[in-house]
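K.L.:
No letters, just coordinates:
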């Protein structure tokens, strides 16, 4: 099953992320190496959000990722949510 983790970010995210970036990317790369995280990145111009796509059976793992993310813990993320993604076209589709 796919799950998407959406982050809404503070207005000055780009300026504030530097001191937390290595730890955030380390957390993401660990999830990638475990085969849980497929894609991740910021979006918007200027950047106002981020999206992380996970593939696993337990959405609680995605929730724990967010709760442990230094961007969340240090207030760069104003809100986050995990939603199931029902892929119908492309790899791993369930259609």
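P.N.:
The structure has been received and is ready for your questions. None of the values given here were measured: they were computed from a predicted structure. Residues are numbered from 1 along each chain as shown.

K.L.:
Residue 65: what secondary structure?
P.N.:
Here residue 65 is helix, with the state taken from DSSP: H, G, I helix; E, B strand; the rest coil.

K.L.:
Touching, it and residue 7? I think so.
P.N.:
No: Residue 65 is beyond contact range of residue 7, at 10.9 Å (criterion: Cβ atoms under 8 Å). Where C-beta positions appear, they are placed from N, C-alpha and C, glycine not excepted.

K.L.:
So for those two, which residues contact both of them?
P.N.:
residue 52 (Cβ atoms under 8 Å, 6 or more residues apart in numbering).

K.L.:
if I pick the residue lying closest to residue 17 once chain neighbours are set aside, what's in contact with it?
P.N.:
Excluding the flanking residues, the one nearest residue 17 by Cβ to Cβ, 6 or more residues apart in numbering is residue 76, at 6.0 Å. By Cβ under 8 Å, 6+ apart, residue 76 lies in contact with 9-10, 13, 16-17, 20.

K.L.:
Return the residues in contact with residue 5.
P.N.:
With contact taken as Cβ under 8 Å, 6+ apart, residue 5 is in contact with 51-54, 62, 65-66, 80-82.

K.L.:
what about the spatially most central residue of the chain, which helix or strand?
P.N.:
Centroid-nearest residue in the chain, with Cα atoms, centre = their mean: residue 52, separated by 3.2 Å. In this assignment (DSSP states H and E), residue 52 forms part of strand 47-55.
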